[in-house]
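**Q** Sequence plus the predicted model coming up.
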Amino acid sequence: MKPYALSQALKNVRATTPLVHCITNYVTVNDCANALLACGGSPIMSDEPKDVPDIQAICGGLVLNIGTLNELTIEGMFAAGERARDLGHPIVLDPVGAGASALRTDTAAELLNAVGAQVIRANMSEVKALAGAAAATRGVDVNPDDAVTEENLQASAEFVKQVAAKTGAIVAVTGAIDIVADAERAFAIRNGAPIMGKITGAGCMLTCVTAAYAVANPDMMLEAVVAAVAGMGAAGEMALARMQPVDGNASFRTYLIDALYNINGEALEAIARVEEL
Amino acid sequence: MKPYALSQALKNVRATTPLVHCITNYVTVNDCANALLACGGSPIMSDEPKDVPDIQAICGGLVLNIGTLNELTIEGMFAAGERARDLGHPIVLDPVGAGASALRTDTAAELLNAVGAQVIRANMSEVKALAGAAAATRGVDVNPDDAVTEENLQASAEFVKQVAAKTGAIVAVTGAIDIVADAERAFAIRNGAPIMGKITGAGCMLTCVTAAYAVANPDMMLEAVVAAVAGMGAAGEMALARMQPVDGNASFRTYLIDALYNINGEALEAIARVEEL
Amino acid sequence: MKPYALSQALKNVRATTPLVHCITNYVTVNDCANALLACGGSPIMSDEPKDVPDIQAICGGLVLNIGTLNELTIEGMFAAGERARDLGHPIVLDPVGAGASALRTDTAAELLNAVGAQVIRANMSEVKALAGAAAATRGVDVNPDDAVTEENLQASAEFVKQVAAKTGAIVAVTGAIDIVADAERAFAIRNGAPIMGKITGAGCMLTCVTAAYAVANPDMMLEAVVAAVAGMGAAGEMALARMQPVDGNASFRTYLIDALYNINGEALEAIARVEEL
């Protein structure tokens, strides 16, 4: 990765205020909107099938998060996805709970087949489920361990690169160690804090922030996704550093979004621990 | 405006705890509920068409916010609006995204035609879209600049008064300078802080708070809407004054609702910068 | 109640991380998720009828909260409830607004009839409405005062025990004084703070936390519900103790969830004021 690619990606978000259309779950939607604003983007939420084509047309990109999917919002996701695809807007897919229910696994796979995705942001179990669903229809055979560890890092990165190759998407798998890869290159990111798993929405927020980074950095999208992931991890570390003994996960949530708001390119470069694999 | 009208309006909210039925978007609904509680009102959310007539009947007023409208909630908005109209309860319309999609523009205009509104709370672009939609069916022709500035303030106020005259509503247009007007009088309000645009929901919260003020002040509704708008701006200034360097938009959101909770009539009168135009 | 039953119940939640499937209103859903994480549980939200059977199957229990019910989520509640019942998973019913609309009263009663509930968590007015609905179909006749006071405490407890006997559920009625009862025993809990009524969601959060306690304590469910209720009240007192003059209800909300996160068995035992009636 070129020197200062991360800070350049961040700077491009702040300079262009990318407008991101989000179809996302109602659990974390408020945090997603505030995280998008914090990072320098701007959110619009709309899931009604009759509304989404117009809304997508005025935006730069699309988030499809299936966290609380229902039959109406699924229809909205396909309609918005088709519009984004036709307009050449980046689509970021967050297959929340793929593998936990047939509807989620199928919907994520069908969205991917129908409208594609420039970025998939998920945890390893969801990526596995998504790859497995593809497997059933495309003959793929994957079975890596779920959690990325130092021991299975190279094998995990190879798997993520394979998923990227098959889907055509940049794949960002987040966990204790994050992996971001396209078909050619893979990066490990060692930022963040365990307490990020004790709030709802860290993943959903990252998905939306990633969309802003993808929209603002069309010519360096892989680096931009790395910057978004490393930036969320760095924000988690900054938030953790603010924690007082009486603080808990609710204060942490506030501090996390605050850190997304305050982090600048210099801090991002200093805190990010990115390794090309 | 009579001396102490603002503090009287606030006092009337706190004294009567107006119960406000909100059909509002799922992005900012939690902040809307807490903002209503903070200002001295009480929220009930319900959008199911079969549920809203009963709920509206036990409430004092209605918020119709189309921020994440869908075919079911649109049906609920009409049903609730008809009940509110028949009961003589104030309706506050927030045409979120009018102009951004045909569905939003049309729904806002149709709600206005079908059930009317005592107050419209929006930004200038939305008000323009709403007026333009009305134009198509009512022959209105308007085209002011979008942002209210010191330079176009008088012209903007005239436009807002025209919209008020045509709709029969008090119109509250918020931005760097806010304008509140009915057909006869217009007020400019110069409160608030730019960071209010860096959180989601400042407008939605104001819409709900405005409904509480309208319900509690039937005999001085214009002054009450001015009080609600100035009060939100004052709360924004109080919240800004609490900001520390590590704070960002998430802390600001918390401080804003806290300020709505703590502001009293004396502080409101001291901070409000209201000018009759 | 056995010594240290409260802290044992809390310890069992933290040791087992109960996964709770929540169908709950979109107003407070984010706070519900963070409260579940704070107490030591883990949330999954899903309301689509086609999704809920799979999701319930991987969870330990179910929350049915009718706060923003609509025709689709009602269908989802029945589908999820049937699955939970068939799997022997605890169901916690929160009949939000029962008595405020016919749809809410009927839906709560029909859910209770169709799938039952191991716990009902509500305020006294909702419990009365629920009992009255049952009355119409089961000949029950109840009419206690709505608010539990020191004066009507014994009569209120008798009423709650009767509702518990008729529904087969543990009934947790929260207010200035909380009552938790099954058909045989009743407990009064004198914890909490009035400001808990100035945020939205204190009741909804308690409902979800109660589900985590019920799942983690199948052999001492009554004590576990008492622990959840006393724990929420204790957290409210801990949060109140953090309040500064500039803080309002938004900060209190953050502090409340923080306290749920930080409270341990020792603090719970020290703060809880539980009396067997």
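**A** Good, I have the coordinates. Residues are numbered from 1 along each chain as shown, chains lettered A, B, ... in the order given.

**Q** Can you find the helix or strand of chain A with the lowest average pLDDT?
**A** Here the helix or strand of chain A ranked lowest by mean pLDDT, DSSP states H and E is helix A:124-138, holding a mean of 74.

**Q** Tell me if the helix or strand hosting residue A:106 is near chain C.
**A** For residue A:106, the host element (DSSP states H and E) is helix A:102-115. Yes - Helix A:102-115 reaches chain C (C-beta under 8 Å from any C-beta of the partner chain) through A:102-104. For every residue, glycine as well, the C-beta is placed using N, CA and C.

**Q** after that helix comes which helix or strand?
**A** Counting by DSSP H and E, the next helix or strand C-terminal to helix A:102-115 is strand A:119-122.

**Q** now for that next one, which elements pack on it?
**A** With contacts taken as 3 or more C-beta pairs under 8 Å, 6 or more residues apart in numbering or on different chains; DSSP states H and E, strand A:119-122 sits against strand A:91-94, helix A:124-138, strand A:170-173, helix A:202-216.

**Q** partners of it, with directions?
**A** According to DSSP bridges, strand A:119-122 forms sheet pairs with strand A:91-94 (parallel), strand A:170-173 (parallel).

**Q** in that strand, what's buried?
**A** Across strand A:119-122, burial judged by 16 or more other C-beta atoms under 10 Å in any protein chain shown covers A:119-122.

**Q** where along chain A do the strands fall?
**A** Remark: strands assigned in chain A by DSSP state E are A:19-23, A:42-45, A:61-65, A:91-94, A:119-122, A:170-173, A:178-181, A:186-189, A:274-276.

**Q** Columns mean pLDDT on top of those, output as TSV?
**A** Formatted as TSV, the strands of chain A follow (pLDDT from 0 to 100):
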stretch	mean pLDDT
strand A:19-23	98
strand A:42-45	97
strand A:61-65	98
strand A:91-94	98
strand A:119-122	98
strand A:170-173	98
strand A:178-181	98
strand A:186-189	98
strand A:274-276	97
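
**Q** in the stretch 51-200 of chain A, which segments are predicted with low confidence?
**A** Counting by pLDDT under 70, the stretch 51-200 of chain A has low-confidence residues at A:133-145.

**Q** residues from it in reach of chain B?
**A** Within the stretch 51-200 of chain A, the positions adjacent to chain B are A:51, A:54-55, A:58, A:72 by C-beta under 8 Å from any C-beta.

**Q** what number of residues lie near whichever residue of chain A sits closest to chain C?
**A** Residue nearest to chain C within chain A: residue A:248 (2.9 Å; C-beta to the nearest C-beta). Applying other C-beta atoms under 10 Å in any protein chain shown, we find 27 residues neighbouring residue A:248.

**Q** can you pull the contacts of it?
**A** For residue A:248, the contact set (C-beta atoms under 8 Å, 6 or more residues apart in numbering or on different chains) comprises C:38, C:257-262.

**Q** The stretch 151-277 of chain A against chain C: which residues are in contact?
**A** With C-beta under 8 Å from any C-beta as the criterion, the stretch 151-277 of chain A meets chain C at residues A:198-201, A:245-251, A:253-254.

**Q** Let's see that with 10 Å instead.
**A** Residues of the stretch 151-277 of chain A lying close to chain C by C-beta under 10 Å from any C-beta of the partner chain are A:195, A:197-201, A:243-254.

**Q** and those residues, which are buried?
**A** Buried members of those, counted by 16+ other C-beta under 10 Å: A:195, A:198-201, A:243, A:247-254.

**Q** Save the residues you listed as a markdown table, and put in distance to residue C:180 too.
**A** Shown next, in a markdown table, are these (distance: C-beta to C-beta, whole Å):
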| residue | distance to residue C:180 |
| --- | --- |
| A:195 | 31 |
| A:198 | 27 |
| A:199 | 29 |
| A:200 | 27 |
| A:201 | 31 |
| A:243 | 33 |
| A:247 | 30 |
| A:248 | 25 |
| A:249 | 26 |
| A:250 | 25 |
| A:251 | 29 |
| A:252 | 31 |
| A:253 | 30 |
| A:254 | 32 |
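
**Q** Mind checking which of those are in helices?
**A** Under the assignment DSSP state H, these contribute A:249-254 to helices.

**Q** wait, which of the buried ones among the residues of the stretch 151-277 of chain A next to chain C is closest to residue A:14?
**A** Using C-beta to C-beta, residue A:254 is the member of these that lies nearest residue A:14, at 21.3 Å.

**Q** and the closest residue to that closest one other than its chain neighbours, what pLDDT?
**A** Spatially, and ignoring its direct neighbours in sequence, residue A:254 is nearest to residue B:250 (4.4 Å; C-beta to C-beta, 6 or more residues apart in numbering or on different chains). Per-residue confidence (pLDDT) for residue B:250: 98.

**Q** Give me the distance between residue B:250 and residue C:262.
**A** To residue C:262, residue B:250 is 20 Å away according to C-beta to C-beta, to the nearest Å.

**Q** again, but for residue A:30
**A** Residue A:30 sits 24 Å away from residue C:262, going by C-beta to C-beta.

**Q** Neighbour count: these two, which is higher?
**A** Neighbours were counted for residue A:30 and for residue C:262 using other C-beta under 10 Å; residue A:30 has more, 25 against 16.

**Q** Let me see the contact set for that one.
**A** Residue A:30 makes contact with A:43, A:45, A:201, B:25-31, B:199-201, B:253, C:29-30 under the criterion C-beta atoms under 10 Å, 6 or more residues apart in numbering or on different chains.

**Q** Farthest-apart pair in these, please.
**A** The span of the contacts of residue A:30, defined through C-beta to C-beta, is set by B:199 and C:29 at 19.1 Å.

**Q** Nearest to chain B: which residue in the stretch 51-200 of chain A?
**A** Using C-beta to the nearest C-beta, the closest approach of the stretch 51-200 of chain A to chain B is made by residue A:54 at 3.4 Å.

**Q** so that residue touches residue B:104, yeah?
**A** Yes - here residue A:54 reaches residue B:104: they are 8.0 Å apart, a contact under C-beta atoms under 10 Å.

**Q** if I look at the two, which residues touch both of them?
**A** In contact with both residue A:54 and residue B:104: A:46, B:97, using C-beta under 10 Å, 6+ apart.

**Q** To what extent is the residue nearest to residue A:271 when sequence neighbours are not counted buried, counted in neighbours?
**A** Using C-beta to C-beta, 6+ apart and skipping the chain neighbours, the partner closest in space to residue A:271 is residue A:234 (3.9 Å). Per other C-beta under 10 Å, the neighbour tally for residue A:234 reads 25.

**Q** Quick one: residues contacting residue A:234.
**A** By C-beta under 10 Å, 6+ apart, the neighbours of residue A:234 are A:6, A:189, A:191-192, A:227, A:259-260, A:263, A:267-273.

**Q** thinking again about what came up before, export the strands paired with strand A:119-122 to CSV and tack on mean neighbour count and distance to residue B:152?
**A** Below are these laid out as CSV (neighbours: other C-beta atoms under 10 Å in any protein chain shown; distance: least, C-beta to C-beta, whole Å):
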stretch, mean neighbour count, distance to residue B:152
strand A:91-94, 30, 39
strand A:170-173, 28, 45
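
**Q** and the ones you listed as JSON lines, adding distance to residue B:219?
**A** Shown next, in JSON lines, are these (distance: least, C-beta to C-beta, whole Å):
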{"stretch": "strand A:91-94", "distance to residue B:219": "51"}
{"stretch": "strand A:170-173", "distance to residue B:219": "58"}
